[in-house]
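Trainee: Mind looking at a prediction? Sequence and model below.
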Number of protein chains: 2
Amino acid sequence: MRATTIHAPFDMRVEDVPEPVVRLPTDAVVRVLRACICGSDLWAYRGESARKPGQRIGHEFLGIVEETGAEVGTVRRGDLVVAPFMWSDGACDYCREGLTTSCEHGGFWGSEGSDGGQGEAVRVPFADGTLVRLPEEAASDERLLSALLTLSDVLGTGHHAALGAGARPGATVAVVGDGAVGLCAVLAAKRLGAERIITLGRHETRTAIARRFGATDVVAARGEEAVEAVRALTRGQGAHAVVEAVGTEQSMRTAVGITRDGGAIGFVGVPHGSDNGLDLGIMFDRNIALRGGVAPVRTYIPELLPDVLEGRIDPSPVFDRTVGLEDVPAGYRAMDERTALKVLITA
Amino acid sequence: MRATTIHAPFDMRVEDVPEPVVRLPTDAVVRVLRACICGSDLWAYRGESARKPGQRIGHEFLGIVEETGAEVGTVRRGDLVVAPFMWSDGACDYCREGLTTSCEHGGFWGSEGSDGGQGEAVRVPFADGTLVRLPEEAASDERLLSALLTLSDVLGTGHHAALGAGARPGATVAVVGDGAVGLCAVLAAKRLGAERIITLGRHETRTAIARRFGATDVVAARGEEAVEAVRALTRGQGAHAVVEAVGTEQSMRTAVGITRDGGAIGFVGVPHGSDNGLDLGIMFDRNIALRGGVAPVRTYIPELLPDVLEGRIDPSPVFDRTVGLEDVPAGYRAMDERTALKVLITA
């Protein structure tokens, strides 16, 4: 089959690789119908996260179950399923508590020896713990398929950020980062009842999506200027709940600067130097909490799925470019150059 | 009157200073009956926190109201009262929400121009927002007076740490720091229903108090050895709720290392380089939250007071040395040399 591989920074290829097969009785093989490129894939693309030459990539996909191991009980051949960005056994202490990202047997798509989502098919370990069945009829609805694909990562990650930040009815939420996760955090904050949602971003096409998702205010500034603008919008106090969806030092510093005393930062941007943006003295004086991390999206899928299926939330606008599998390298270029927000990959 | 002043690192004096008077109609003057020395006073004593020569010091006291301004309505001459370690107006947004430490008109005892608790009397701004009345009969009960004095800081701060860490029925709580705040965090965690409480400390007299306060396990180690010991006690997972009551880089690193995935660190140690102990990559991968800061103890007093009055909790053992006001400098020496845990000052 064909799958995307990474050989060196900026060297993405689509190559022939072995067909996946069921190796363990808890495995399934899923034929990929839709996949996509994540902002976090760009860290590997740019060489900021190390990869071995030829490693697979892609951690967001949905597709049709093609084969299942003897012990798989919740999905079967022909089912339409979505996979979260990590597999998990569904049985350990952490999985039972909902923290599937800490699963004792969990792992990442595209890690060494595993398949990636940006390919024709994927061997899925612990299929019962990992996959979630979707209604069959969704397969023929392009928009709905795109919306459902966000359950694999960005929608659940945005939800995790909004929860970590403490988005709730009546709260003022501010979102640092106008990528797909930041936009989904806006959607999630709105869904959780936030009264006011301030999005920080300077790309008009993105902030337009943020407004569509529920943002009430847009701050098109960065750094100290952004901090002042958010304070001006909040009687000088800052936002109760702040989402940090970038992961850089500057974005974390901004997040601390715009959080109201006693508020919280929900951080889901993979940390790249953001430790340095955390001034613990300020957080101590002002009782600012920090909560978040890698999102246990598997746990959130059952909660978010009905809202997506019934159209109460529609995250599909985060995709603004579609490529076929052979054009995935061009998709990376587009996201790296920020000419695309998030690239959808069709089978 | 006589009051403690700080002139330079290690240069504490007890001097004649002006008698406090009611300056504003919201002021009260309180004659100090009991005060004490805080671990955080040692940062000033050691020159690690800057002070102007002659500045007052001490932020924990209880005493008798001597005079009140015309607008003071909740306390009157002769009342026994306890003061939290910051004054607050009781009326601003933050005070009404319970975050009295972020009061728009709040301040610290011993800051420039204000009185400190380690003296004969104190001018108390915003007496209605700040002071809490205690039962008159407590004044004749030495042990109870000591216990009530901890409401001014260490008991409420320990409670804030335990809450921030997420201490709750069934949880395993670990406490980094065996000073008075760490010990009070043990007491608070027990009070909040924690099932297991692991205290980290190497001073036997202190860990003996921790056991008396509810600690079920003692880890007499530091750094990596302490991390391994806590993990060995928790099936390799770590504690659900971790209190960081020191504020150094090493203590924060230990706190991160012993927190269970999905757990939280309640931090109340005034940060002194502890930012560096926060590895955001680990916190991200394991969904470890950080919550805490300067404790709004004024808000906690009404909740904790009945338990202290009725003897359900007795924090008084944190005091292991008593001095008169003239001997406060010796009290600082004893705490600095760790021959005393916490020094009580009698009128």
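Mentor: The structure has been received and is ready for your questions. This one's a predicted model, so the numbers in the text were calculated from it and none came from an experiment.

Trainee: residues from chain A in reach of chain B?
Mentor: By the rule CB under 8 Å from any CB of the partner chain, the part of chain A lying against chain B is A:93-94, A:97, A:99, A:101-102, A:164, A:237, A:261-262, A:264, A:267, A:270-271, A:274-275, A:278-281, A:283-294, A:296. Every C-beta, even on glycine, is put in place using the N, C-alpha and C of the backbone.

Trainee: Might you name the residue of the stretch 1-150 of chain A sitting closest to chain B?
Mentor: residue A:102 (3.8 Å; CB to the nearest CB).

Trainee: And that residue, what's its pLDDT?
Mentor: Per-residue pLDDT puts residue A:102 at 98.

Trainee: so what are the domain limits for chain A?
Mentor: Here the domain parsing of chain A from automatic domain parsing is A:2-153+A:296-346, A:156-292.

Trainee: show me the contacts for residue A:212.
Mentor: Applying CB atoms under 8 Å, 6 or more residues apart in numbering or on different chains, we find residue A:212 in contact with residue A:317.

Trainee: What average pLDDT does the helix or strand where it lies get?
Mentor: Residue A:212 is part of helix A:204-213, with elements assigned from DSSP states H and E. Rounded to a whole number, the mean pLDDT of helix A:204-213 is 97.

Trainee: Which strands or helices does the helix or strand just after it pack on?
Mentor: Next helix or strand after helix A:204-213 toward the C-terminus (DSSP H and E): strand A:217-219. With contacts defined as 3 or more CB pairs under 8 Å, 6 or more residues apart in numbering or on different chains; DSSP states H and E, the packing partners of strand A:217-219 are strand A:196-200, helix A:204-213, helix A:223-233.

Trainee: ok, and which of the ones you listed has the densest surroundings?
Mentor: Most buried of those by mean neighbour count (mean count of other CB atoms under 10 Å in any protein chain shown) is strand A:196-200; its value is a mean of 26.

Trainee: For the helices and strands packed on strand A:217-219, give me a markdown table that also has distance to residue B:107.
Mentor: A markdown table is the format used below for the helices and strands packed on strand A:217-219 (distance: least, CB to CB, whole Å):
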| stretch | distance to residue B:107 |
| --- | --- |
| strand A:196-200 | 31 |
| helix A:204-213 | 40 |
| helix A:223-233 | 22 |
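
Trainee: for the helix or strand containing residue A:144, packing partners?
Mentor: In the assignment (DSSP H and E), residue A:144 maps to helix A:142-149. Judged by 3+ CB pairs under 8 Å, 6+ apart, helix A:142-149 is in contact with strand A:28-36, strand A:61-68, helix A:297-309.

Trainee: Give the buried residues for it.
Mentor: Going by neighbour count (16 or more other CB atoms under 10 Å in any protein chain shown), the buried part of helix A:142-149 is A:144-149.

Trainee: Next, the angle strand A:28-36 makes with it.
Mentor: Relative orientation of helix A:142-149 and strand A:28-36, computed by axes from the mean of the first three to the mean of the last three CA atoms, to 10 degrees: 110 degrees.

Trainee: before we move on, back to that, wait, which of the helices and strands packed on strand A:217-219 is closest to residue B:37?
Mentor: helix A:223-233 (37.7 Å; CB to CB).

Trainee: quick one: the closest one to strand A:196-200, angle?
Mentor: Here the directions of helix A:223-233 and strand A:196-200 differ by 160 degrees (the same axes, to 10 degrees).

Trainee: Give me the distance from helix A:223-233 to the chain's centre.
Mentor: 27 Å (CA atoms, centre = their mean, to the nearest Å).

Trainee: what does it rub up against?
Mentor: A:174, A:198, A:200, A:217, A:219, A:221, A:237-239, A:250, A:253-254, A:257-258.

Trainee: quick one: contacts for residue A:101?
Mentor: By CB under 8 Å, 6+ apart, the residues touching residue A:101 are A:86, A:88, A:94, A:293-296, B:285, B:287.

Trainee: all helices for chain A, in order.
Mentor: A:41-45, A:93-97, A:127-130, A:142-149, A:154-165, A:180-191, A:204-213, A:223-233, A:249-258, A:280-285, A:297-309, A:328-336 (DSSP state H).
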